[in-house]
Each structure stands twice: as structure tokens, then as C-alpha cells.
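Asks: Could you work out the structure for the sequence below:
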Amino acid sequence: MGIDITSSSFPFASVRGRSLATSVRRVKKDDQPEFPKPMSEPLDVVMNDKTQRFEVTLGGEIAFAEYRLAPDHITLPHTVVPDVFAGKGVGGALAKAALGYARDHGLTVKPSCTFMAGYIAKHPEYHDLVHLDFRAKLGIT
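Replies: Numbering: from 1, shown residues only. The predicted model follows:
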């Protein structure tokens with residue numbers, strides 16, 4: 001079981017009925033917060049044309065961000081990050097790979113996945129990539 005982030009509650013994702021904000025905090029038995037540390041080595045994100053996903057594999061598990069290409073844009077509809085990847089920066093690495101691909105290929109981005117939409121909203125360096133139809137939803141002018 002992992003984090004399955006869809007576009008059901010745009011612009012805020014939920015994990016098993018909870019908001020992402022409440023899912024990020026980890027608590028030790030003595031109730032002291034424990035925050036997972038990101039991986040020290042760069043993640044290997046692969047663009048899999050066959051499955052139309054950006055993927056990261058770790059220990060037999062696959063985290064992915066689905067994509068759909070069109071001549072002038074890329075749609076990012078769904079992201080899945082299994083629990084084994086928690087706190088390792090995998091979601092961010094998937095977002096950076098997808099958005100970097102869009103920038104390198106002159107594409108605009110339609111982030112229908114709430115994780116991708118939230119990531120873009122928090123990172124102004126990607127605002128210029130957002131398709132006009134999605135700018136208002138992200139609060140981008």
C-alpha cells in the first residue's frame with residue numbers, strides 16, 4: 001500500500017481520507033516527531049514511453065507519475081508513491097523530471113493530478129509552464 005494521489009480533491013490531495021499535511025508527520029513511540037530524511041544519492045527517474053510514466057524503482061517497488069503527450073502540452077493525471085519511498089524526495093524527483101521534460105520540449109503542462117498541481121503551485125520556477133486552462137486553478141496569473 002502506498003500513497004495514491006489523484007485529482008479527486010483538487011488542489012489538495014488526500015491519503016486514505018486524510019490531507020497530505022497530516023500524512024507527512026511521523027511520530028515515534030514517545031510522541032517525538034520524526035521526519036524522514038531525503039536520499040543522499042540522486043534518484044534515477046526513467047521516462048517509460050511504453051507505460052507513459054516517469055518512474056523510480058527502489059527495492060522492487062515503482063513510484064510513478066503518469067503522463068499523456070499532445071503536440072503542444074503534457075498532461076500529468078496521476079502520481080503514485082509507495083510507502084517504501086516515503087520521505088525520500090521521490091515525488092519531487094518525479095515532478096522535476098516531468099516538468100523538465102516539458103520545458104526541454106517546449107510544452108505547456110496540464111497538472112490534473114493534485115500532487116503535481118501542488119508541487120507546481122509551491123515552485124514558481126515552473127509557473128510559466130502551466131497551460132492557460134489550469135492557471136486559475138493554481139492561483140497563477
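Asks: got a list of contacts for the helix or strand hosting G92?
Replies: Using DSSP states H and E, the element containing G92 is helix 90-104. With contact meaning C-beta atoms under 8 Å, 6 or more residues apart in numbering, helix 90-104 is reached by 3, 5, 42-43, 45, 47, 54, 56, 58, 63-65, 67, 73-74, 76, 79, 81, 85, 107-109, 115-116, 119-120, 126, 129. Every residue, glycine included, has its C-beta placed from N, CA and C.
Asks: Convert the C-alpha atoms of stretch 112-129 to CSV, please.
Replies: Output in CSV follows, covering the C-alpha atoms of stretch 112-129 (Å, rounded to 0.1, in the frame of the first residue of the first chain):
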residue,chain,number,x,y,z
SER,A,112,-4.7,17.4,-13.3
CYS,A,113,-3.0,15.4,-10.5
THR,A,114,-3.3,17.2,-7.2
PHE,A,115,0.3,16.3,-6.2
MET,A,116,1.7,17.8,-9.4
ALA,A,117,-0.6,20.8,-9.1
GLY,A,118,0.5,21.4,-5.5
TYR,A,119,4.2,20.9,-6.4
ILE,A,120,3.9,23.5,-9.2
ALA,A,121,2.0,25.9,-7.1
LYS,A,122,4.8,25.8,-4.5
HIS,A,123,7.6,26.2,-7.1
PRO,A,124,7.3,29.5,-9.0
GLU,A,125,10.1,28.5,-11.3
TYR,A,126,7.5,26.2,-13.1
HIS,A,127,4.6,28.6,-13.2
ASP,A,128,5.5,29.7,-16.8
LEU,A,129,4.9,26.1,-18.0
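Asks: could you say what helices and strands the next helix-or-strand element following the helix holding G92 packs with?
Replies: Next along the chain after helix 90-104, taking DSSP H and E as the criterion, comes strand 108-110. With contacts taken as 3 or more C-beta pairs under 8 Å, 6 or more residues apart in numbering; DSSP states H and E, strand 108-110 sits against strand 73-75, helix 90-104, helix 132-138.
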